[in-house]
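J.: based on what follows, work out the 3D shape:
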Amino acid sequence: MNTETRAGRPRDRWTAGRGVILGAALLAAAAPAGAQDARDPRIGLRAGWSDAGVAVRGMELVSHTDRPEGFFNPAEQGDFDFANTDMAFSGSRLFVGSYNGFQVWDISNPARPRLTSSLVCPGGQGDVSVHGNLLFMSVEETRGRTDCGTQGVRDTVSSDRFRGVRIFDISNVNRPRQVAAVQTCRGSHTHTLVPDARDAGKVYVYVQGTSGVRPAAELSGCSARNSTEDPNTSYFRIEVIEVPLARPQDARIVNTPRIFANAQTGAINGLNQGGRQTADAQQTAQTNQCHDITAYPAIGLAAGACAGNGILLDIRNPANPVRVDEVMDPNFAYWHSATFNNDGSKVLFTDEWGGGSAPRCRATDRPTWGADAIFTLSGHELRHAGYFKMPAAQTAQENCVAHNGTLVPVPGRDIMVQSWYQGGISVFDFTDPANPVEIAFFDRGPYSATESILGGFWSSYWYNGRIYGTEIGRGLDVFRLLPSEHLSQNEIDAANLVRVRELNPQNQQRIVWPAHFSVAKAYADQLARGGGLPGTRTVRLQRDIEAAERMRGAARRAALTRLATQLDGEAAGARDGARVRALAGVLRDLAR
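T.: Residues are numbered from 1 along each chain as shown. Model (predicted):
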């Protein structure tokens, strides 16, 4: 969520909108919104805080848990100083960030999440990451204190103020202990945890600060001057923090890379200068910051959503990220976040048009504004391929725009679950980037039918078989996917096989599926759904796989090897040869 301006709030707390000036190549795609499907059950839902109407398809609500004491204002439920924000996962624990601290939930039984502990520590935005026994927390607001106190900081310059990244020891999760607090000039709106593949004894944290610059009298070296006046300005950079895992108290900033510099001239303000390129384009912001940087260490790349640009970074040396490509889009107001697909051949960027506080999913809003833009990636070159936007019209009382999500690990497909604030949660397939398709959703009605109250889903992430959603005002929701014409039970079963030890926002791990019959049957279902092989062949194929599953020992190995060999021969002439070959590979793995 953007945090630049909000009426009646400090400068670093909110934004009603920001801009970017983008190239004209894609402007023609910005057609007015098409006709809405009046039959969509998300349209016209009853308003309410605890009794709002609900629309759901392709998934079901497993549990809902209200925010705990200390994380809501009894006198004003919509008080954003207590809002839930982003999530991180470790083992059977879920860490929920908030503007007022963080909560630790035991999710060993997703149907009954249990609050283990919490820590009140105001400072917003409160995004969290975990690595082993360490928890990292972003702090951006001027009320943040070094001691986590709730009294705020009144002085313009104060040694009590903290803005940056806190590091907690959570080896005793019931008693989190702050062991380091790294101050930064613009605070930390979000951060990215990046392991060092060459040195397991350290991790790096990329700090994305989007707020104003603090006075140099409070933190030496900070400068709010224009880049043409001061080459050491605190804008047009990120901070890189090095964290020695054995001594996290020694965490420090080791680099402030100028990742927006012009490669030819060296000017640090080398990317989008902001503004509006044509009367029909978005009003966009200057690229002097990143909102999110998503690292994918397994492929040595990171994708930065950086105000006026989407950028690609080489992070093989994590202490020194280097920009290798950048893109613009006249339909984007504010590049907010990024997600790679699993094989690294696509990057999906989100546009937080309106800063997260505005209704941007109305029937009159363009489907290419406040949406996802999908790019293909070949080598280090990004090429635009398509858009996706949650398709059900929302009311003027519902803040709605593209926000945080993750991949759903269905083999052979690029599927994402994503939050849209009060637009709810959407699950969609972007395997064909030019024609993404929604396959499931969950939505509640607005908080109020008459006034705008900020709320809805901040993040929705798949983690070890369930979808977890942080609802800004209402609490924590857990979902599971259901089979439909768009998603088979075999595909869901294959996704449920994937288990990870940790999951952090803005850090992607390569998804690897074990050799399992559910994976093979998922590929077979996809061939049947998409006509990748003739219909009679897929029916026989599905039957042969199920027959092999019932066999044991040498008979099973022989049947699987024979079937894989047959598929090798059919792949060249198949409509979907790549998926046929993938299935053959799974069958061979099962035969071993």
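J.: how close does residue 349 get to residue 257?
T.: Remark: distance between residue 349 and residue 257 (Cβ to Cβ, to the nearest Å) = 20 Å. C-beta coordinates here come from the backbone N, C-alpha and C atoms, glycine included.
J.: neighbour count: those two, which is higher?
T.: Neighbours per residue (other Cβ atoms under 10 Å) separate residue 349 from residue 257, with residue 349 holding more: 29 against 17.
J.: surely the more buried one forms part of a helix?
T.: No: according to DSSP: H, G, I helix; E, B strand; the rest coil, the state of residue 349 is strand, so it is not within a helix.
J.: in space, what's closest to it - neighbours in sequence excluded?
T.: residue 310 (4.6 Å; Cβ to Cβ, 6 or more residues apart in numbering).
J.: partners of the one helix or strand that neighbour maps to in the sheet?
T.: Applying DSSP states H and E as the criterion places residue 310 in strand 309-314. Using DSSP bridges, the strands paired with strand 309-314 are strand 301-306 (antiparallel), strand 322-327 (antiparallel).
J.: C-alpha coordinates for stretch 534-541, CSV please?
T.: Output of stretch 534-541 as CSV, limited to C-alpha atoms (Å, rounded to 0.1, in the frame of the first residue of the first chain):
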residue,chain,number,x,y,z
PRO,A,534,-7.3,-36.6,-29.1
GLY,A,535,-10.2,-37.2,-26.7
THR,A,536,-10.3,-41.0,-27.0
ARG,A,537,-6.5,-41.1,-26.3
THR,A,538,-6.8,-39.0,-23.1
VAL,A,539,-9.6,-41.3,-21.8
ARG,A,540,-7.4,-44.3,-22.4
LEU,A,541,-4.4,-42.4,-20.9
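J.: now do that stretch: distance to the chain's middle.
T.: 38 Å (Cα atoms, centre = their mean, to the nearest Å).
J.: one more: stretch 569-585?
T.: The answer for stretch 569-585 is 32 Å, by Cα atoms, centre = their mean.
J.: cool, and stretch 184-200?
T.: That offset, for stretch 184-200, works out to 16 Å (Cα atoms, centre = their mean).
J.: now for that stretch, what's the gap between its first and last residues?
T.: 25 Å (Cα to Cα, to the nearest Å).
J.: what pLDDT does the spatially closest residue to residue 583 that is not a sequence neighbour get?
T.: If the residues on either side of it in the chain are set aside, residue 583 comes closest to residue 523, at 4.0 Å by Cβ to Cβ, 6+ apart. Turning to residue 523, the model gives it a pLDDT of 98.
J.: in a helix, that's where residue 523 is, yeah?
T.: Yes: secondary structure of residue 523 (three-state DSSP): part of a helix.
J.: quick one: contacts for it?
T.: Residue 523 makes contacts with 411, 412, 579, 582, 583, 586, as judged by Cβ atoms under 8 Å, 6 or more residues apart in numbering.
J.: low-confidence ranges in the stretch 201-350 of the chain?
T.: Within the stretch 201-350 of the chain, not a single segment meets pLDDT under 70.
J.: this protein: helices as residue ranges?
T.: Under the criterion DSSP state H, helices of the chain are mapped to 489-496, 517-530, 535-550, 553-571, 577-591.
J.: quick check: buried residues in the first one?
T.: Right, the one you point to is helix 489-496. By 16 or more other Cβ atoms under 10 Å, the buried positions in helix 489-496 come out as 490, 491, 492, 493, 494, 495, 496.
J.: which residue packs closest to the fourth one, ignoring adjacent ones?
T.: Across the structure, with Cβ to Cβ, 6+ apart as the measure, the residue nearest residue 493 apart from its sequence neighbours is residue 518 (4.0 Å).
J.: same question for the last one.
T.: Leaving out its chain neighbours, the residue that sits closest to residue 496 by Cβ to Cβ, 6+ apart is residue 465, at 4.4 Å.
J.: off-centre distance for stretch 345-363?
T.: Relative to the mean C-alpha coordinate of its chain, stretch 345-363 is positioned 12 Å out (Cα atoms, centre = their mean).
J.: mind checking the end-to-end distance for that stretch?
T.: Taking Cα to Cα, the first and last residues of stretch 345-363 lie 32 Å apart.
J.: list the buried ones in it?
T.: Using 16+ other Cβ under 10 Å as the test for burial, stretch 345-363 gives 346-361.
J.: which of these sits closest to residue 460?
T.: Residue 460 lies nearest to residue 350 out of these, by Cβ to Cβ, at 12.8 Å.
J.: the closest one: what's it in contact with?
T.: 305, 335, 336, 337, 338, 371, 372, 402, 403, 404, 418.
J.: please name the bridge partners of it.
T.: Beta-bridge partners of residue 350, as defined by DSSP bridges: residue 337, residue 372.
J.: and it, how far from residue 584?
T.: 36 Å.
J.: ok, now residue 170?
T.: As judged by Cβ to Cβ, residue 170 and residue 584 stand 45 Å apart.
J.: do the same with residue 193
T.: Going from residue 193 to residue 584 by Cβ to Cβ gives 37 Å.
J.: which ones are touching residue 543?
T.: Shown in contact with residue 543 (Cβ under 8 Å, 6+ apart): no residues.
J.: in terms of pLDDT, where does it sit?
T.: pLDDT for residue 543: 97.
J.: and the nearest residue to residue 83 once chain neighbours are set aside, what does it touch?
T.: Using Cβ to Cβ, 6+ apart and skipping residues adjacent in sequence, the residue nearest residue 83 is residue 472, 4.7 Å away. Contact analysis of residue 472 by Cβ under 8 Å, 6+ apart lists 80, 83, 84, 85, 421, 454, 455, 456, 457, 458.
J.: isn't the second one up against residue 99?
T.: Yep, that's residue 83 we're talking about. Yes: the pair residue 83 / residue 99 is scored as a contact, 5.1 Å apart, by Cβ atoms under 8 Å.
J.: could you check which of the two is surrounded by more residues?
T.: Using other Cβ under 10 Å as the criterion, residue 83 and residue 99 rank with residue 83 on top: 25 against 22.
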